[in-house]
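J.: What follows is a predicted structure for the sequence shown.
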Amino acid sequence: MPDIIDRYGRTFKTLRVSLLSACNLGCVYCTLGENTDMFKKAQAPVERFLDHIARLHKELDLETIRLTGGEPLLYHDLPLLIKGIGAIGIPEIKITTNGFLLERLARPLKDAGLQSVNVSLDAAEEATFYRMSKRRGLQKVLTGIEAAIEAGLDVKINTVIMRDLNDDQLLPLARFAFSKNIQIRFLEVMAMGHLHQQAGQYLYTQEEVLNCMATAYSFEPEERKKSATANYWRTSGGHSFGIIANESEPFCHDCNRLRLDAQGNIYGCLSSNNPISVKDAGSSEVLRSRLSQALQQKQALKFTGSELSMLEIGG
Ligand code: SAM
């Protein structure tokens with residue numbers, strides 16, 4: 001089956017699945033602090049996700065799937081879903097989580113076939129953790145990270161750096177990650193959801209991250225892999241860190257990501273508010289035409305912002 005390709009040579013090889021839009025944290029860049037966990041709706045059944053994923057894999061020959069949300073560890077049948085994805089034959093199965101429930105789940109998820117976990121962590125001390133997430137429980141996340149390492153998962157930390165909110169956490173978090181021998185990636189804040197028109201005031205740029213890291217480490221750039229979201233550097237001590245520089249160094253030109261939500265809609269880009277349903281795309285022909293439509297949602301150069309928050313579309 002030939003790849004579905006756009007005029008920039010882009011296709012879909014990574015699928016990000018938003019399992020639910022509820023979350024047990026209230027991070028300031030994602031929500032206005034409301035507890036979305038309280039508005040738990042019925043969750044989409046495993047079989048429905050597997051059906052969509054299998055049909056998409058058949059057309060796209062996917063290389064990677066990343067489970068996200070909302071908070072994916074709140075999804076009721078996660079080990080079963082991961083086993084099912086393994087059986088479909090997608091080679092790499094990854095998850096992005098806030099780590100709150102990871103201590104209990106790391107081992108069963110690894111046993112089910114999960115390979116890699118990105119833990120979102122925006123502070124290395126409790127007061128800033130609370131300022132960023134509106135919840136207490138830094139220790140729970142740290143224990144979750146330990147459990148994931150012990151279970152043999154490939155662990156990375158993702159940190160959104162926001163000016164005057166948590167930029168003082170950059171070096172403490174780098175120190176923490178390096179002490180555990182895990183990679184950390186710093187994210188420039190994106191103009192999404194309630195930050196759509198005001199992300200600029202919080203933007204802490206790639207250059208500023210590098211200047212800050214340079215006060216404590218010496219490092220060299222690493223070669224960028226095709227379709228990567230992050231640029232990476234290696235310190236003279238052998239540790240690696242990345243920056244996801246949506247603003248300073250956009251990476252739309254070779255983006256290979258497709259998103260699927262719990263309602264059976266696909267999106268070709270985080271900037272798009274236009275869901276494309278695959279629920280009723282029964283034949284291969286119809287599904288391929290919807291995928292071509294989704295591919296056209298990709299930006300030529302740069303993420304242009306969205307009124308949807310990541311909670312809704314999946315981070
Ligand atoms: N609940 C999970 C978690 O916390 O990792 C998965 C969903 S969360 C929306 C996925 C990622 O999106 C997190 O790393 C979060 O930091 C990032 N994120 C959410 N809103 C963002 C924004 N406006 N700018 C940059 N990153 C954002």
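T.: Noted; the coordinates are in hand.

J.: which non-adjacent residue is nearest Gly264?
T.: Of all residues not flanking Gly264 in the chain, Lys279 sits nearest, at 3.8 Å (CB to CB, 6 or more residues apart in numbering). For the C-beta atoms, the positions are set from N, CA and C on the backbone; glycine is no exception.

J.: For the one you found, give me the pLDDT.
T.: Looking at Lys279, its pLDDT is 94.

J.: go on, Gly282?
T.: pLDDT recorded at Gly282 is 86.

J.: What is the three-state secondary structure of it?
T.: Following DSSP: H, G, I helix; E, B strand; the rest coil, we place Gly282 in the coil state.

J.: For the stretch 151-300 of the chain, list the residues in contact with the ligand, please.
T.: Proximity of the stretch 151-300 of the chain to the ligand, by CB under 6 Å from any ligand atom, involves residues Asn158, Val160, Leu187, Val189, Met190, Met192, Leu195.

J.: Try it again at 8 Å.
T.: Within the stretch 151-300 of the chain, the positions lying close to the ligand (CB under 8 Å from any ligand atom) are 158-160, 187-193, 195, 199, 244, 246.

J.: and the residues you listed, which of them are in strands?
T.: Counting by DSSP state E, the part of these found in strands is Asn158, Thr159, Val160, Leu187, Glu188, Ile244.

J.: Out of those residues, give me the two with the largest separation.
T.: With CB to CB as the measure, no two of those lie farther apart than Asn158 and Glu188, at 11.8 Å.

J.: Settle it for me: which of the two has more neighbours?
T.: It is Glu188, of Asn158 and Glu188, that has more neighbours when counted by other CB atoms under 10 Å, with 24 against 21.

J.: Tell me the bridge partners for the more buried one.
T.: Ile161 (DSSP bridges).

J.: Contacts only, for it.
T.: Glu188 sits next to Ile161, Leu203, Tyr204, Thr205, Gln206, Ile243, Ile244, Ala245, Asn246, Glu247, Ser248 when contact means CB atoms under 8 Å, 6 or more residues apart in numbering.

J.: And the contacts of stretch 137-145?
T.: Stretch 137-145 is contacted from outside by 98-103, 106, 119, 121, 123-126, 129, 155, 157, 180, 182, using CB under 8 Å, 6+ apart.

J.: quick one: which of the residues you listed sit in strands?
T.: Going by DSSP E, the strands hold Val119, Val155, Ile157 from those.

J.: And the residue of the chain closest to the ligand?
T.: Proximity of the chain to the ligand (CB to the nearest ligand atom) peaks at Gly315, 2.3 Å away.

J.: What sits closest to that residue if chain neighbours are left out?
T.: Thr68 is the one closest to Gly315 (CB to CB, 6+ apart), at 5.2 Å.

J.: List the residues that contact that neighbour.
T.: Contacts for Thr68 (CB under 8 Å, 6+ apart) come out as Arg16, Val17, Ser18, Leu19, Ile95, Thr96, Gly314, Gly315.

J.: where do the helices sit along this structure?
T.: Here the chain has its helices, by DSSP state H, at 46-60, 78-88, 102-112, 126-133, 138-151, 170-179, 206-214, 284-295, 310-313.

J.: mean pLDDT lowest for which of those?
T.: Ranked by mean pLDDT, the helices of the chain bottom out at helix 310-313, which scores a mean of 81.
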